[in-house]
Structures are given as C-alpha cells and as structure tokens.
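S.K.: Could you look at this predicted model? Sequence included:
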Amino acid sequence: MAAVASIAMRTLQLSFCNFPSFLSAKRILSNGFPRFRATGYRMCSMFLKSPPEVKNGVLSFNGTPALVGVPENVVVTPLEDSSAFLGATCSDSKSRHVFKIGAFENIRFLSLFRFKIWWMIPRMGNCAREVPVETQMLLLELVTYGNSNELNKDVDYVLFLPILDGEFRSTLQGNSASELQVCVESGDCSVIGSEFLKSILINYGDNPFNLIKDSMKTLQKYTGTFALREMKQMPGMLDVFGWCTWDAFYQDVYPQGIRDGLKTLSEGGTPAKFLIIDDGWQDTANEFRKDGAPFVEGSQFGARLMSIWENEKFRRTANEDSKSIPLSLKEFVSEIKESFGLKYVYVWHALMGYWGGLNPNSPGTMKYNPTLKFPTQSPGSLANHRDTAMDCMEKYGVGVIDPDKIYEFYDDLHSYLSSQGVDGVKVDVQNLPETLAAGCGGRVSLTRRYQELLEKSMFNNFSDNNIICCMAHSSDSVYSSKKSVVTRASDDYYPNNPQAQTVHIATVAYNSLFFGEIFVPDWDMFYSLHEAAEFHSVARAVGGCGIYVSDKPGKHDFKILQRLVLPDGSVLRAKYPGRPSRDCLFADPVSDGRSLLKIWNLNNVTGVVAIFNCQGAGSWPGLKNPCSKTGLELSGHVSPVDIDFITEISSDPTSKFAVFSFKSGSLCKLPLQGKLHVILKSLECDAFTISPIKVYDHGVEFAPIGLIKMYNTGGAITAIDSIVGGIQITGRGQGVFGCYSSIEPKACTVNRTEVEFHFNKQEHFLTVDIPKGTNSWDITLSY
C-alpha cells in the first residue's frame, strides 16, 4: 500500500434563477451557475454564525443561497446562533397540508427517509425533485469558491430537520418542478390547523457531524420531548456478546434449542452473556390460520395475545413428563443463567402486545378492554414501499388496548417478566400508533402516550434501561424518546437474501447520523457462518453498538467470532455511533458503481476506520437505474482525516499517525491528510486502526495499536502513560498486542512479568503475546 499526502477535493456548482442583486459580488460562470468560496477539511473551525434569512425569495445562510423561489407564506423564525425554525401558513384549516418552501438544483444532498412505514434508508441526489416522500432529515452540501483561486474552496452544510410542531408531524419531499415541500399532518381529521411556524429546524455549519449534533441539542432544549444519547443511561448488554433466537428458530423457538445454542457458543470460546428470546415464547392464538390448512403468507400477522404469560413450550403442564420443557419461564431463565453465565435475558413483545394486538375475547386480556381497530396508513407511507406486515394488519385488524389501560398492561407484563428473572425487553412494531390515531387526538399525542407509558413501566420494573426499540423509525417515536437508548437502525438482517447484505450495512451507517444523537443505533443480529459474515462483523466492530448473532446451534464461525468477542464474553465497543466519513456523505456506496463506504469511530486512545465495497451486490429499494454491474473491484483510500473527531486523541495538526490494516497485518506511518490506497472486491472490507504517534522519554516516538487479532484492535486499550524510562499501556483481553515504536525497547513486562517480544525494524512494529486467561493487563516498555 502506498501513502499519498493529499486532501480530497470536492467540486459542486449551485444553479439558481433570477439572482437578486446582493449576489452580484459572487463569481458567475458562463454556464449561469454561481460559484462560492470554500476550503477543505478544517481541524479548527472559525465559522461565523448568523441566523438564516429569507430575502427577495431566497433562503440564505451566512449570505450563501440554499433555496430560491421561497413563497411569501413561508416564515423563518431565528432561534439561536445559526439555527431557526421554518414554517408556513395558509387560510384553510385541515389535518394535512403540503407547502412549497423553495427550490434547489445542482446541490448534492443526503436524505434519510422512510421507505417503509417501519424503516428509514438514505437517498443521495442533486436537486429537490429527487428528495423522497417521508424525508426526516435532509443535509445539503454548499460548495463556494474564492474569486482568485478555484482550488480554494469552502464546503458548508445546511441541515433541514422536519420536526413535531404541536400535534402535527412534518416531513420533507420534492416535486417534479424541483421544489422542496414540507408535509404536515396530524393523522386525525378532527385535529386541524392552518399555521405551522415551527415545522422544520434549519441550521448550517462547516462540520456536518457537529451541525447535526448541535441542531439536536438545540431542538432538545427547545422541545423537551426527548433526550439526547449522552443524557441517557447505558444498558450493560452493550458491552457483552449476545445471541438472539430469531434467525436460529424464527417462531419455532423452544427451550432445548436455546440451551443448545448457548452451549455451542460457550464451547467455542465466545460465550454469550446476553440473550434475546425473540418472537415465539408468548401465549397467542391466530383465528386466520387453521390446522391442516395451507399456510397463507402474512396470516401470521393476524395472531393476537391471549395472556401476558409464556406459552406451553416454556411452561410444563401437569400431564407432561418431558424434562426438556421447564416448569415455568422463571425456572428456565434461572437455569440458563446459572449454566451459561448469562448476565442479561431479554424477551420480545410488540408495542400492542403482539402483531395483531390483544384478543378482545380472551380472559387473559379482557381487563385491558381491547377493541378491534383497522389501521389506516398515511399518504406518505403509501407513497414509497408497501409492507406485508402492515397490509395484513390493515386486513385482519389489531386488538388495541384501551388508552386508559395502556400503563396497566405494560406494568402487568413487565412486572410478571421481572418476577420470572427476565432483565429487559425488545419492543417491536412501535410505529403502529400512527395508523390508529383517528379519533385519539392524532398520531403525535398517541405515539407519545405509548412511548411515555412504555418507558415508565420499563424503569419501574427493570434496571439498567434494558430495552431495545424496534420498527420505530418515525419521528413521532424518535422525538418522544426520553429514556430508551437502544434502537434498531435498519430493516431486518435477511441471511437468505444476498442482495440485502450491503444495503443493511450502508443503511445503518447513514441512519446513525440521525439516530446517533438520540440513541445507540442497533445493527441487528447476523450469522457468523455466512458469506457476508466478515462484512457484518467489521461493521459492528466499528459501529459502537451491541454485538449479537443469531446463529443456529452448532453453526458458527469461531474464527470470525473470536475477532469480536473476548473469552470472558465482553466486546471491544467503540465510543460513538459509527458514521460515514465526510467524503462519503453524498456518494452512493451501494448503487453508483464507483464509491466505497468508510465508517469511522474512536476508542480511548485510537481511532478506527472500516472501509467496505458495497457495490455490485445489491441496490436500494425503489431506486431508479442503479448500477447493474456485479462483482465490482474498486479502489479508494483511507486517511487519518477520515476520523472527524480525531482532535480528541491528537490536537496537533502536524501529528503523524501509525495506521494498521487488519486485513494485511501491516503497519505504516502517515501524516494527518495522508492517504493509504485500498483495493476491494464486492463484499470485501478492511478495518484500519489509526493511532497518533507521540514523543515520550528519550525521544521515543510511540503509538499503541491494541490487540491485533481483533477487528477493533484499539478498543482493548484503556490508557497509555509515560513513566520514568518507558511507557505503560493498560488494557484488557488476551491475544497479541501491537504498537508502533521508533526504537526497540530494552525490556517488556506484562503484569510485572518480563516477557519476550518481537520487533520489526522496517515497520517499527512491536508485538507481544498476552497470555491466555488474562482479562486485564498493563504492559511496560523500558527504553
């Protein structure tokens, strides 16, 4: 691999019509596109903030236009610093409005939109007509140029966050005239309005990650309806390895199968400390599936909950002698915790109890006064991709809990589960209230009521914030979350669909830009024994997320798992939600046939960048004319500057960095803006640990890498300190520790015992074995 010190330069032109006089000082090219001032990456921002404004029909940020043709009924209300609310008014009061707010063309954008009622995906484009319906975050890239030097350019970013304005939810969309529109709707024809002054939070800045973070802080401060990720309690399951039963058994999960799966994982040296008993444990009945009749796809979503207790697979009846069936859920949970050292056992349930809600006629659920209702989807949900589960719930109906009984139901269910030794829950189908809001005060208030009461019950009955939210990508849910901190960030993992593997990885990475400020994004389960297993494993290693598989018992690739999981069942979780690098934000890493995906993160003293070739192995749902080539081999680069918050580990812009490739096992030295060339085939990836080289006693230049047989090598390092005559590194986990050292040390000790080490003089690469059975260590290098 060759290192090239350079800066990735991006060019873009902004196209507008009818330029107002205040733009005359800008440089206009012969093709009619204006060009504006910009620079490349900046370690320290000198960004001057002023509120956005509309003047002469142009919405501008710090003098740079973003939208033209802004209608007179659009209102901008300055909020603080560079942020403002944007809204619109009209003369008619209705429950749903669509307002034009201005046009743009030839500006690169990233949209995060709901392609299904449950799930969000990214879409990249260049004009407003390409902005999909149900967009919940829109990021624009404004490139401006200096008058004297076109290589001297600045890149600024404009963020549009459609939000909740009272009882109305807002989303963005484009029309055929390349006009950006905002849709505001209540979901209840009796909840109407004509003035929506705070439908969108708009903001701008020169760092896209700080822009999103600061905007979410401002929104949280103003609304108070949700809490930011750093304000929430982190559950312990995030830091241990887990196993979910779903793709192992689907709804046929049973106790002996769970025992078998836990046993084989433990025997392979990667014990699960966290278990999700997914769908299949509850007491349900399905009137739409008759014994002996052929299976009808979708009929499973007509099943309803009969009681809050476990079904007969997990509770032995008086007439049964089989010891494989436990006496109760409590006995089973106690048994597997004791036998396999599990720390956390979660079980699955839907927000309404089950897919089809509660059975209105069952003695076990009648106390909650359920009534059969038929969901109605909004025009926005229907405009993109229909969902089988939702269509079936519309057909079969849902047994909806009496609004006055919602908390009683959750409290009964969760207190029972807690009494059985269960530690938490995965709650699915969470966007359903928006379809049941008619006559209930609208989608915003109904969703918020469910969310608040769910979280209240969680904290009353479980400790450690043990909840995973799922199928909850609507902003109604997102902006109503005050306590729950883990949420699924993508559609399901589909092991049997080869076209879904790359889409899954890219989806979570881009969605984490939005979700990562409020939640720890959950990447879902995966198979360790699968053609895309390493692809998924590396993504989770850099994702800053919980790590769990759904392997069938005995079907494991322990070579893969041992790169993620330490022998004690813990994992090396990175600090932040993993997000795309800045130069990937507006490129399509799945379908354009040329772009690689880079995901960056930080550990205590190192950074990590994973690079993926997602091309030629799938395409985005609903995307027109994706690249149809398969098996593409592409080249790209990795650089220390890909880690946007790298100043947390190195504030010196002249620093050099040790860069370690997991795939090749090689180590090299790069300046901040240096580049390492990478070539990857479809479904190939690599993880690079990037560690700042610092000068210690005796002029030793040193950078720790970590456990080099793990994907996130630097996640093993706790701290590094300078001591008299040497360097001390503390960390955890057995394996091979590696580091960059400008000179060979005289001696090395591990936990005060002198050990041998290997020193590669050409790469300045020092490695030392951490003995098996070592959980924590301090390594002292004497020079």
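M.R.: All right, it came through fine.

S.K.: quick one, what contacts residue 345?
M.R.: Residues in contact with residue 345, defined by CB atoms under 8 Å, 6 or more residues apart in numbering, are 274, 275, 277, 333, 336, 337, 421, 422, 423, 424. Quick note: C-beta positions are derived from backbone N, CA and C, even for glycine.

S.K.: For beta bridges, what are the partners of the nearest residue to the first one once chain neighbours are set aside?
M.R.: By that I understand residue 274. The shortest distance from residue 274 to any non-neighbouring residue, by CB to CB, 6 or more residues apart in numbering, is to residue 242 (3.4 Å). With DSSP bridges applied, residue 242 shows beta-bridge pairing to residue 274, residue 548.

S.K.: May I ask which helix or strand of this protein has the lowest mean pLDDT?
M.R.: Within the chain, no helix or strand scores below strand 27-28, which has a mean of 29 by mean pLDDT, DSSP states H and E.

S.K.: Out of the contacts of residue 345, flag the one nearest to residue 504.
M.R.: For the contacts of residue 345, the residue nearest residue 504 by CB to CB is residue 274; the value is 20.7 Å.

S.K.: My understanding was that that closest one contacts residue 342; is that so?
M.R.: Yes - assessed by CB atoms under 8 Å, residue 274 is found in contact with residue 342 at 7.2 Å.

S.K.: Around residue 222, how many other residues sit close by?
M.R.: 15 (other CB atoms under 10 Å).

S.K.: cool, and residue 754?
M.R.: When neighbours are defined as other CB under 10 Å, residue 754 has 11 of them.

S.K.: In contact with it: list those residues for me.
M.R.: Residue 754 touches 747, 748, counting by CB under 8 Å, 6+ apart.

S.K.: Please name the bridge partners of it.
M.R.: residue 749.

S.K.: Give me the pLDDT value at it.
M.R.: With respect to pLDDT, residue 754 scores 97.

S.K.: residues in contact with residue 60?
M.R.: By CB under 8 Å, 6+ apart, residue 60 lies in contact with 52, 53, 54, 66.

S.K.: my bad, should have said residue 764
M.R.: Contacts of residue 764 (CB under 8 Å, 6+ apart): 667, 669, 740, 741, 742.

S.K.: and if you look at residue 782?
M.R.: Counting by CB under 8 Å, 6+ apart, residue 782 touches 725, 726, 745, 746, 747, 748, 749.

S.K.: Now do the strands in the stretch 301-450 of the chain.
M.R.: 304-310, 344-350, 371-373, 398-400, 424-428 (DSSP state E, counting those that start in this stretch).

S.K.: can you list those in CSV and add distance to residue 624 and mean pLDDT?
M.R.: Converted to CSV, the strands of the stretch 301-450 of the chain look like this (distance: least, CB to CB, whole Å; pLDDT from 0 to 100):
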stretch, distance to residue 624, mean pLDDT
strand 304-310, 40, 98
strand 344-350, 34, 98
strand 371-373, 36, 98
strand 398-400, 34, 98
strand 424-428, 31, 98
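
S.K.: Which of the ones you listed sits closest to residue 706?
M.R.: Nearest of these to residue 706, taken as CB to CB: strand 344-350 at 26.1 Å.
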